[in-house]
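> Dropping the sequence and predicted coords here.
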Amino acid sequence: MSETPSALHEAHPEITEEAIALLVRTFYGRAREDDLIGPIFNGAVADWEHHLSQIADFWSSMLLRTGRYDGRPMRPHLRLPLQPEHFDRWLLLFERTVREIFSADVADAFILRARRIADGFEMGIATTRGEIARPRHSV
C-alpha cells in the first residue's frame, strides 16, 4: 500500500501549534530570567511578542512543516557576545522545559534539533571570529 503525500508529513499528535507556543513562551520566560543568558536576550530583543511569534513559527516549520518561518536565524546571533557557556545554558533550560511539556520521544525530537542548532550557531560564530569549532552537542 502506498502512502499519500499528506500521510508522509503527519506530525506526532502531541506536536501542535498550541504546544509549540507553550514551549516557546515557557522557555523564553525562563531564559529571560536566567542570570547567564537573560542579560543577552533582554539586551538583544526589543519586541518580545514578535520574537516569540518568530520562534514559534521556526519550530512549527521544523516539526509541523508549515513553512511559516523564512528568516535567517544566524545573522542576529553573530552580533551577540555568545560563548560556549551561553549555548550550554540555553540547551540546559530548553531541554528541561521541553521534557516538562512533551513525552520523551517528542522531547527527544525537539532536543535533537536544538542541539544541532546550537552546534551550527557555535561553529558559524567561531568562523566569523577566525576560529575553528567542532560540534559539541549533537555528536
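Received the coordinates, thanks. Note that the structure is a prediction, hence the values are computed from the model and not measured. Numbers count the residues shown, from 1 in each chain.
> From here on, just use CA atoms for contacts and neighbour counts.
Fine.
> Show me which helix or strand of this structure is least confident by mean pLDDT.
None of the helices or strands of the chain scores lower by mean pLDDT, DSSP states H and E than helix 5-8, at a mean of 43.
> How about residues contacting stretch 117-132?
By CA atoms under 8 Å, 6 or more residues apart in numbering, the residues outside stretch 117-132 that reach it are 74, 77-78, 83-84, 87, 91, 133-138.
> just how off-centre is that stretch within its chain?
With CA atoms, centre = their mean, to the nearest Å as the basis, stretch 117-132 stands 16 Å off its chain's centre.
> Give me the buried positions along it.
By neighbour count with 16 or more other CA atoms under 10 Å, stretch 117-132 contains the buried residues 117-126.
> Can I get that stretch in PDB, CA atoms only?
Extracted in PDB, the C-alpha atoms of stretch 117-132 (Å, rounded to 0.1, in the frame of the first residue of the first chain):
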ATOM      1  CA  ILE A 117      21.100  24.400  16.000                       C
ATOM      2  CA  ALA A 118      23.400  25.200  18.900                       C
ATOM      3  CA  ASP A 119      26.300  23.400  17.100                       C
ATOM      4  CA  GLY A 120      25.600  25.300  13.900                       C
ATOM      5  CA  PHE A 121      25.500  28.600  15.700                       C
ATOM      6  CA  GLU A 122      28.600  28.000  17.600                       C
ATOM      7  CA  MET A 123      30.500  26.900  14.500                       C
ATOM      8  CA  GLY A 124      29.200  29.800  12.500                       C
ATOM      9  CA  ILE A 125      30.100  32.300  15.200                       C
ATOM     10  CA  ALA A 126      33.500  30.800  15.500                       C
ATOM     11  CA  THR A 127      34.100  31.100  11.800                       C
ATOM     12  CA  THR A 128      33.300  34.800  11.800                       C
ATOM     13  CA  ARG A 129      35.800  35.200  14.600                       C
ATOM     14  CA  GLY A 130      38.500  33.400  12.600                       C
ATOM     15  CA  GLU A 131      38.300  30.400  14.900                       C
ATOM     16  CA  ILE A 132      37.600  26.700  14.300                       C
END
